[in-house]
Every structure is written in C-alpha cells, then in structure tokens.
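# attaching a predicted model along with its sequence, questions to come.
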Amino acid sequence: MRYSGRFAPSPTGPLHFGSLITAVASYCDAKAHQGQWLLRIEDTDIPRIYPGSEQHILAAIEAFQFEPDGEILFQKDRLDIYHSVIEQLRQQHLVYACQCTRKMLGSNAIYPGTCRDLGLDFQHQAIRIKVADQDICFEDRLQGLHCSNLQHELGDFVLRRRDGIISYQLAVVVDDYLQGITHVVRGADLLDNTARQIWLGQLLGYPTLNYMHLPLAMNDQGQKLSKQNLAQALDLSQASLLLQQALQVLGQAPVDLDTPARMLVQAVTQWDIQKIPKGTLLPGHYL
Ligand code: GLU
C-alpha cells in the first residue's frame, strides 16, 4: 500500500516552531517513503478559531515551499459527513446522548457512564461513544508500545458537543480514513488521543494506521510550545533558516542553506527517524 501522510493543523493560532517540526517531519517521512503528503485544516471548533490563523497556515505552507499532493481539505466544509457517521453509529447503538455538564461531572476525568442507558433524545445534547473494558495497544514508531484501557482511564467520550461542534476525535478519524491516510506523524501531546481514535476507527471498520509521535519543543518555562502559551508565530521571511533549525532539532544531518524547496529535497534524501531524539520532549528551549 502506498504511504499517505498528512499535516493537519488547527487554526487556533498562527503556526509556531513546534508546528513546523511536525510539518517537516510528516513531509520528509512521507516523501522518504515515496508517499504523498496531504494538508488538512482542522477547523471544526469554530469558537476556538483565531482570526487570521488560517491565512497564516496557508502562507506558511507556501513560504516553506511544501507542496501538498491533492487539494487542501477544510473540515468545516465536511460537517454533513461527520453527522452521517454519527447517525451510522446511532443506528448501531454505539453512541448515546448525554446531558451531563462539565459542572455536574466535576473534576472526575473518567466519565462514569451516567447517561448511557437513559435513552435521551439526540437533539441539543452531547453525543458520546461507548468504550469497552479492553486494552487498546499500538506500536508507535518512536515511542514504542502504548496501551490504554479507555474505560478505566477515560470513559465514554464525546463525538459531538452539546453546542453541535464536532469533536476533533471524530473528525480526525473520519478524514484520515476518507483521505486514505496510512501514516500519522504528529506531536507527542496527541499520544493519549490515539487509543480513542483507534477504538473509534475499529467500530467504524476502518484500518488501523501507523503512528509516530514526535518529541515536543518546550519553551524556557518548561511548557510545550503552543498557541495557549503564546508561542511566537513563525516568521515567514526566515523560512530557510527556520527549516534548517527544525531539521537540526529533529537530529537530522545538516542541510545547506538554500531555497526551502531545495532544502526539503536534501532533507528527504537524508531523512532518518533513528536520529530523532528519543522520548516525548526535545532538549533545549524554543520561542
Ligand atoms: N489538529 C490537531 C492540532 O493542530 C492535530 C491533529 C492530528 O495531527 O491528528 O493539534
């Protein structure tokens, strides 16, 4: 089967150095496997969309001269698809409506299944998927074997929020499948989501994907670079330098400073995942 990878940023803020690491690694890994690399904008969570960040993502893709294979997908254009998948799960009795608010659940991170058997109407309620008391295991290409028991660690999780917003978990699983993705390369902050996504994919009869979770870049306060921590937006006028740095941070052999497109070609020929620093955190501090 042909390798198919993707970069799937959420436009909740401009891209930062941590996003660049994910973009570069997903791109190089796909191309080093003669695969295709797709771009998907994960913009289902409308209240969290940060004005201008979608444009910044697209401008960054151009400035770094990444060439997505195929058209760019915007999740906000695909809501009908996600709703029809929920309907399919409803007919299979795999989901249920839930009226519990965050306040009612308190600090308990594991959903106790309060609404499972209440048979509530689906309108204006959150929709949760049932999980089972079963270990979900996968072999991450960098992080090794990962197992979790969704029932003991999380409980039934939300696919559609009460306000109608489709959850990241549902949209990512459906789109990875419909786009024919075979390999997921992303930050280790998403490692804990993987078991949920495998579970959901299995219920939908989708093939299980290959995963590689990259160590995260941290700021000087020991926090991962993120929009919430006000990580600096990528300066698109410095694309070549930033690309060189991202490859260095990923432990790759140095690439000559050139146009980003030529640097990417060199990076792909030298790509070696054995050289990526081990663990879930990258050494050093970034802005
Ligand atoms: N949209 C997610 C994010 O920006 C990444 C999704 C994924 O790679 O699975 O954090």
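Yes, it's here. Here the structure is a predicted model, which is why all the values come from computation and not from measurement.
# leaving out the residues flanking it, which one is nearest to the residue of the stretch 51-200 of the chain found nearest the ligand?
Nearest to the ligand in the stretch 51-200 of the chain, going by Cβ to the nearest ligand atom, is Arg186, at a distance of 3.7 Å. (Glycine included, C-beta is placed from N, CA and C.) Distance criterion Cβ to Cβ, 6 or more residues apart in numbering; nearest residue to Arg186, sequence neighbours excluded, is Thr22 at 5.7 Å.
# show me where pLDDT drops low in the protein?
Under the criterion pLDDT under 70, no range of the chain is flagged.
# interface residues of it facing the ligand?
When proximity is defined as Cβ under 6 Å from any ligand atom, the chain approaches the ligand at 8-10, 42, 172, 186, 190.
# so which of these wins on neighbours?
Ranked by neighbour count (other Cβ atoms under 10 Å), the residues of the chain next to the ligand have Val172 at the top, with 25 neighbours.
# isn't that residue right next to Thr44, touching?
No - Val172 lies out of contact with Thr44 (Cβ atoms under 8 Å); the separation is 9.6 Å.
# got the contact list for the most far-flung residue of the chain relative to its centre?
Residue farthest from the centre of the chain, counting by Cα atoms, centre = their mean, is Leu118 at 32.5 Å. Contacts for Leu118 (Cβ atoms under 8 Å, 6 or more residues apart in numbering) come out as 96-97, 99.
# returning to what we had before: and the residue nearest to Arg186, that's in a helix?
Yes - when DSSP: H, G, I helix; E, B strand; the rest coil is applied, Thr22 is found to be in a helix.
# that one touches Gly187, doesn't it?
Yes - judged on Cβ under 8 Å, Thr22 makes contact with Gly187 at a distance of 5.6 Å.
# now for those two: what residues contact both?
Leu214.
# secondary structure class of the residue of the stretch 51-200 of the chain closest to the ligand, three-state.
Per three-state DSSP, Arg186 ends up strand.
# give the contact list for it.
8, 22, 26, 212-214.
# tell me how far stretch 34-42 is from the chain's mean position?
Computed by Cα atoms, centre = their mean, to the nearest Å, the separation of stretch 34-42 from the middle of its chain amounts to 12 Å.
# show me the contact partners of that stretch.
2-11, 26-27, 29-31, 54, 57, 61, 66, 68-70, 72-75, 168, 171-172, 175, 179, 181-183.
# buried residues in it?
Using 16 or more other Cβ atoms under 10 Å as the test for burial, stretch 34-42 gives 35-42.
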